[in-house]
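Enquirer: Have a look at this prediction, sequence included:
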Amino acid sequence: MNIVYTDVLVVGGGLAGLRVATGVQERGHHVIVLTLVPPKRSHSAAAQGGMQASLGNCAMGWGDNEDIHFEDTVKGSDWGADQRVVRMFVNTAPKAIRELTHYGVPWNRVRKGKHTAIINARKVEIEEKEEAHGLITARDFGGTKKWRTCYTSDGTGHSMLYAMDNKAHEDRVEIHERMEALSLIHRHGRCYGVVARNLMTGELVAYVAKATTIATGGYGRIYEVSTNAIICQGTGQALALESGVATLGNMEAVQFHPTAIVPVGILTTEGCRGDGGVLRDVDGYRFMPDYEPEKKELASRDVVSRRMIEHMRKGKGVPSRYGDHLWLDITILGREHIEKNLREVKEICENFLGIDPAEEWIPVRPTQHYSMGGIRTKHTGESQTMRGLYACGEAACWDMHGFNRLGGNSVAETVVSGMLVAEYISDFCDSEQSHVEISTAVIEHFVRDEREKIDRLLFGGGNEDAYALRRAMEKIMMEKVGIFRNGKDLQEAVDQLEQLHIRSKNIGVFRSKSTAANPAMVVAYRTQKMIKIALTVAYGALLRTESRGAHAREDYPHRDDVNWLKRTITSWPDPEQTLPTVTYEPIDIMTMELPPGWRGYGKKNIIENPDSAIQLAKVEAIRKQLQEQGADRFAIQKALMPYEHLLPEKYRGRNERLYERFDDEKESDA
């Protein structure tokens with residue numbers, strides 16, 4: 001039995017995993033990263049549009065700050081987010097983006113003087129301030145009051161990931177490629193690492209660590225069409241679920257992106273609409289202003305996706321052999337802008353559609369894109385129910401997104417949560433609580449279990465085809481657990497997925513019996529895990545009889561703040577269960593800085609909780625009293641909802657902007 005010991009184990013080599021790894025390595029703890037693919041091939045590279053941080057350098061972002069970013073994010077979450085975590089995030093995001101600059105990310109910059117931009121389908125002249133020249137600029141994104149999304153043309157994730165991978169090599173982070181974690185090693189509610197399989201040789205290796213971090217991304221590939229990479233199969237969430245101890249949060253909260261190209265589902269960035277592109281129907285008519293007069297194409301993603309489906313249901317879709325779609329028109333931006341700032345979109349259109357987006361409209365349709373749900377954690381990134389297990393990025397329900405994520409907040413979350421969680425893990429590793437007290441007999445038990453599972457697939461005589469079961473699961477999720485949901489479809493989905501889960505226990509690998517590089521075997525054991533994840537999504541959606549964010553029930557169209565202002569918590573304590581166990585975690589209005597209300601876009605279908613009005617009056621009274629006393633925004637915020645004490649000390653400082661300097665304050669303190 002091969003046992004590898006380390007201080008910190010990170011499962012996943014994307015932005016979140018690499019940022020955790022470099023953080024703990026720089027604190028003096030040895031770290032090993034396990035990754036299915038070389039880190040530069042991680043799905044983080046697919047992020048196009050940008051990263052949100054309230055720098056406020058450009059003219060259209062002038063006046064932005066953490067308070068505005070906080071409000072946008074909470075409203076975007078449809079009040080499902082943990083507002084303390086949102087505060088931690090918006091405070092750290094400007095620090096993260098400047099840190100990435102030092103790592104080599106070539107952010108687009110402000111150019112002083114006048115230039116034209118497309119806003120609301122019209123050419124507008126914008127004048128950038130001379131003092132902002134050369135600073136990091138931003139573009140518009142959905143659900144925001146200010147231009148806040150910093151970018152590198154439309155290859156932001158690519159630039160960030162390459163810079164982060166280079167940093168990991170500079171810090172001599174040990175990376176084990178083509179290694180797949182199969183199960184958590186745990187005892188008495190404490191995680192001690194994972195059993196992993198070498199995808200090339202088939203060898204099972206036990207990795208034992210003081211702290212284990214899951215940073216494996218989302219679970220989009222449980223759907224038939226997704227913008228996610230093939231490797232985004234929910235395996236990290238499945239590791240936690242199958243432990244029987246760790247819990248998942250808000251798994252039914254699945255986001256569909258409005259503008260994936262038809263038919264393959266490859267993403268065209270929100271930057272297309274942020275830069276001025278518009279949506280058109282079969283008649284060439286721009287329809288979004290009819291539905292969202294204020295935000296139009298730049299309402300939040302969940303709202304735009306639903307409006308597009310509603311419009312197609314009215315017969316306004318464009319017929320095609322692949323089903324109805326709508327048009328994304330970026331021709332109005334001009335060839336120069338497209339070839340400079342949307343060059344990846346241009347290449348995608350040329351290679352997959354055979355069109356020039358500077359001349360022709362792009363066929364688009366909402367497609368599964370992001371997972372708000374994940375491993376439920378505390379604000380430190382540690383599992384609420386398993387000591388020593390951490391999660392960050394899309395694999396986690398931290399929970400800063402609630403039931404809908406704003407564009408640009410995802411890649412921001414990967415590096416911000418990675419920065420913060422690295423500090424919390426390092427503090428844990430510095431304490432006596434991190435001591436590893438587990439016998440080799442226990443480790444061997446977990447390795448033996450995984451070897452027996454593989455042997456059953458290869459030699460157990462099972463007669464179920466993993467490929468057929470997986471295709472059935474994908475079809476069920478796409479047709480019955482999509483953008484619009486209803487009780488009948490969801491009940492059918494749960495019943496059908498439950499049967500698939502039962503059948504998956506009898507999967508057999510029919511061709512190669514090799515325990516080494518064997519794609520059929522990989523599909524077999526991943527399919528078993530994916531069906532369980534699909535069940536957590538469908539079952540949670542069936543039980544949640546309301547509409548909130550990306551979870552839209554046609555039979556329960558109201559957001560119900562009386563009965564459903566709570567997170568869905570899912571576990572699988574008994575491996576013989578055919579359905580997950582679901583409980584709920586209440587979200588307390590009386591602790592909120594921003595009590596529930598209308599988002600400012602979308603339909604005003606809300607069953608209001610009377611506590612919202614009570615808390616709003618309390619917040620406004622405190623704000624008014626402190627303003628009369630001359631308090632600044634920081635003092636007011638602290639009185640409303642303290643959060644700074646939750647941050648690692650090194651990240652508690654304020655963020656300076658051109659119009660918000662603290663030099664005088666520093667001098668007076670001195």
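Expert: Thanks, I have the structure now.
Enquirer: What ranges in this protein fall below the confidence cut-off?
Expert: Scanning the chain for pLDDT under 70 picks out the ranges 664-670.
Enquirer: Quick test: name the residue nearest the centre of it.
Expert: Centrality entry for the chain: nearest residue to the mean C-alpha point is residue 394, 3.7 Å, by C-alpha atoms, centre = their mean.
Enquirer: Hmm, residue 217 and it touching each other?
Expert: Yes: shown here, residue 394 and residue 217 form a contact pair, counting by C-beta atoms under 8 Å, at 4.8 Å. The C-beta positions use only the backbone N, C-alpha and C, and glycine is treated the same way.
Enquirer: Okay, and the residue lying closest to residue 392 once chain neighbours are set aside sits in which element?
Expert: Nearest non-adjacent residue to residue 392, counting by C-beta to C-beta, 6 or more residues apart in numbering: residue 417, 4.0 Å away. In this assignment (DSSP states H and E), residue 417 forms part of helix 409-430.
Enquirer: Export that helix to CSV, keeping only CA atoms.
Expert: Only the C-alpha atoms of helix 409-430 are listed here, as CSV (Å, rounded to 0.1, in the frame of the first residue of the first chain):
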residue,chain,number,x,y,z
ASN,A,409,-18.2,36.9,-9.2
SER,A,410,-17.1,33.3,-9.9
VAL,A,411,-13.5,33.8,-11.0
ALA,A,412,-13.3,36.4,-8.3
GLU,A,413,-14.6,33.9,-5.7
THR,A,414,-12.0,31.3,-6.8
VAL,A,415,-9.0,33.5,-5.9
VAL,A,416,-10.6,35.4,-3.0
SER,A,417,-11.8,32.2,-1.3
GLY,A,418,-8.4,30.6,-2.1
MET,A,419,-6.6,33.5,-0.4
LEU,A,420,-8.8,33.4,2.7
VAL,A,421,-9.1,29.6,3.0
ALA,A,422,-5.3,29.2,2.7
GLU,A,423,-4.9,31.4,5.8
TYR,A,424,-7.6,29.5,7.8
ILE,A,425,-6.0,26.2,6.8
SER,A,426,-2.6,27.4,7.8
ASP,A,427,-3.8,28.5,11.2
PHE,A,428,-5.4,25.1,11.6
CYS,A,429,-2.1,23.4,10.6
ASP,A,430,-0.3,25.6,13.1
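Enquirer: Summarise which helices and strands it is packed against.
Expert: strand 2-11, helix 15-26, strand 51-52, helix 83-103, helix 156-170, strand 204-214, strand 389-391 (3 or more C-beta pairs under 8 Å, 6 or more residues apart in numbering; DSSP states H and E).
Enquirer: any idea of the angle the fifth one forms with helix 83-103?
Expert: Following axes from the mean of the first three to the mean of the last three C-alpha atoms, to 10 degrees, one obtains 70 degrees for the angle between helix 156-170 and helix 83-103.
Enquirer: After helix 156-170, which helix or strand is next? Please name it.
Expert: Next in sequence after helix 156-170, counting helices and strands by DSSP H and E, comes strand 174-177.
Enquirer: Please identify the pairing partners of the helix or strand just after that next one and their relative orientation?
Expert: Past strand 174-177, further along toward the C-terminus, the next helix or strand under DSSP H and E is strand 179-187. Sheet pairing of strand 179-187 (DSSP bridges) gives strand 190-198 (antiparallel).
Enquirer: when you compare where the lengthiest helix in the chain runs with where strand 179-187 runs, what's the angle?
Expert: Using DSSP state H, we find that the single longest helix of the chain is helix 519-543. Interaxial angle of helix 519-543 relative to strand 179-187 (the same axes, to 10 degrees): 60 degrees.
Enquirer: now the next helix or strand after helix 519-543, how far from the centre of its chain.
Expert: On the C-terminal side of helix 519-543, the closest following helix or strand by DSSP H and E is strand 552-553. Relative to its chain's centre, strand 552-553 lies at 20 Å (C-alpha atoms, centre = their mean, to the nearest Å).
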